[in-house]
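[1] My questions are about this predicted structure, shown below with the sequence.
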Amino acid sequence: MKNIDVCLTPDLLHLHTQSLENSIVVVADVFRATSCMVTAFAYGVESILPVATVEECKSLQERGYLAAAERNAQKVDGFELDNSPFSYMDERLIGSRIAMTTTNGTLAITRSRGAVKVLVGSFLNLEAITRYLKAQQYDVLILCAGWKGRVNLEDTLFAGALIERLRDEFMVPEDSGLMAWRMYVQAQKDLPAFLAASSHVRRLHRLSIQKDIIYCLQHDLYDVVPVLRGNALVCMEV
């Protein structure tokens with residue numbers, strides 16, 4: 001039987017090196033990087049190039065990419081796009097190539113390149129990810145982007161939601177996965193209430209971004225599976 005495991009923050013990824021090389025990694029940054037990426041592909045973006053630093057993103061912008069840069073939940077000056085999924089619901093972005101850097105999500109993706117495949121997950125494409133993973137022969141490692149190396153609640157809940165949908169076909173060998181799953185089972189009837197006191201929700205509330213929170217917690221809106229091919233994310237045919 002295949003295994004499904006959870007790495008609660010990229011700072012713990014070194015503990016999963018052996019499993020990384022034999023697993024499909026699903027990166028989750030629910031608030032808001034991977035939710036933005038899933039939305040962007042659902043609305044017709046051609047590719048997203050995730051980079052770790054603002055400097056890399058600026059260099060790609062100078063080469064003709066549309067550029068999205070976020071730090072500390074706010075847009076970096078001088079870039080076209082921010083880290084709100086609503087910014088990607090724009091027909092002018094259809095067919096575009098986007099370079100993106102965020103505080104946590106793009107860093108998690110770039111650190112996962114040693115995996116069999118790297119997928120982008122969110123609640124928005126949870127069912128599409130589930131269907132794809134059921135059809136694969138590999139173990140799964142869910143990498144929670146967290147917040148600056150720390151564990152966060154929303155990404156852990158996504159990990160639990162994915163385990164809930166896969167647990168009949170995957171073993172959950174480690175406590176991190178068991179914890180995430182049990183937390184999601186407890187929270188699933190009202191995720192916004194469960195997350196109300198969480199650190200990133202409070203951070204987004206201070207920036208008056210409540211609508212992004214509600215949007216990012218919706219399940220199964222889009223039938224897209226972003227996958228890393230080379231250095232860029234593209235939308236996989238599923």
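    It's in. Residues are numbered from 1 along each chain as shown.
[2] Isn't Leu13 up against Arg113?
    No: using CB atoms under 8 Å, Leu13 makes no contact with Arg113, being 11.2 Å away. In this view, the C-beta of every residue, glycine as well, is placed from N, C-alpha and C.
[3] So which residue is smack in the middle of this structure?
    Ala28 (2.8 Å; CA atoms, centre = their mean).
[4] Would you mind confirming that that residue makes contact with Ala161?
    No: at 9.5 Å, Ala28 and Ala161 do not qualify as touching, with contact defined as CB under 8 Å.
[5] What's the first helix or strand after the lowest-mean-pLDDT helix or strand in the chain?
    Of all the helices and strands that make up the chain, helix 199-206 has the lowest average by mean pLDDT, DSSP states H and E, namely a mean of 73. Where DSSP states H and E defines the elements, the next helix or strand beyond helix 199-206 is helix 210-216.
[6] Now do that next one: everything it contacts.
    Residues outside helix 210-216 that contact it (CB atoms under 8 Å, 6 or more residues apart in numbering): 30-32, 35, 84-86, 122-124, 154, 192, 195, 201, 204-205.
[7] out of those residues, who has the most neighbours?
    Ser122 (34 neighbours; other CB atoms under 10 Å).
[8] Is it correct that that one is in contact with Val26?
    No: when contacts are counted by CB under 8 Å, Ser122 is not listed as touching Val26 (9.7 Å).
[9] So which residues of the protein form strands?
    2-7, 23-28, 47-50, 66-71, 74-75, 97-101, 117-121, 139-144, 170-171, 225-229, 232-236 (DSSP state E).
[10] Tabulate those strands (CSV), appending distance to Tyr132 and mean pLDDT.
    Formatted as CSV, the strands of the chain follow (distance: least, CB to CB, whole Å; pLDDT from 0 to 100):
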stretch, distance to Tyr132, mean pLDDT
strand 2-7, 13, 97
strand 23-28, 9, 98
strand 47-50, 18, 96
strand 66-71, 25, 90
strand 74-75, 32, 84
strand 97-101, 22, 95
strand 117-121, 7, 98
strand 139-144, 10, 98
strand 170-171, 13, 97
strand 225-229, 5, 97
strand 232-236, 7, 96
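[11] how about these in JSON lines, adding distance to Phe41?
    Formatted as JSON lines, the strands of the chain follow (distance: least, CB to CB, whole Å):
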{"stretch": "strand 2-7", "distance to Phe41": "24"}
{"stretch": "strand 23-28", "distance to Phe41": "14"}
{"stretch": "strand 47-50", "distance to Phe41": "8"}
{"stretch": "strand 66-71", "distance to Phe41": "14"}
{"stretch": "strand 74-75", "distance to Phe41": "21"}
{"stretch": "strand 97-101", "distance to Phe41": "10"}
{"stretch": "strand 117-121", "distance to Phe41": "8"}
{"stretch": "strand 139-144", "distance to Phe41": "19"}
{"stretch": "strand 170-171", "distance to Phe41": "25"}
{"stretch": "strand 225-229", "distance to Phe41": "5"}
{"stretch": "strand 232-236", "distance to Phe41": "4"}
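[12] Which one, of those strands, ends up nearest to Lys58?
    Checking the strands of the chain against Lys58 by CB to CB gives strand 66-71 as the closest, at 7.1 Å.
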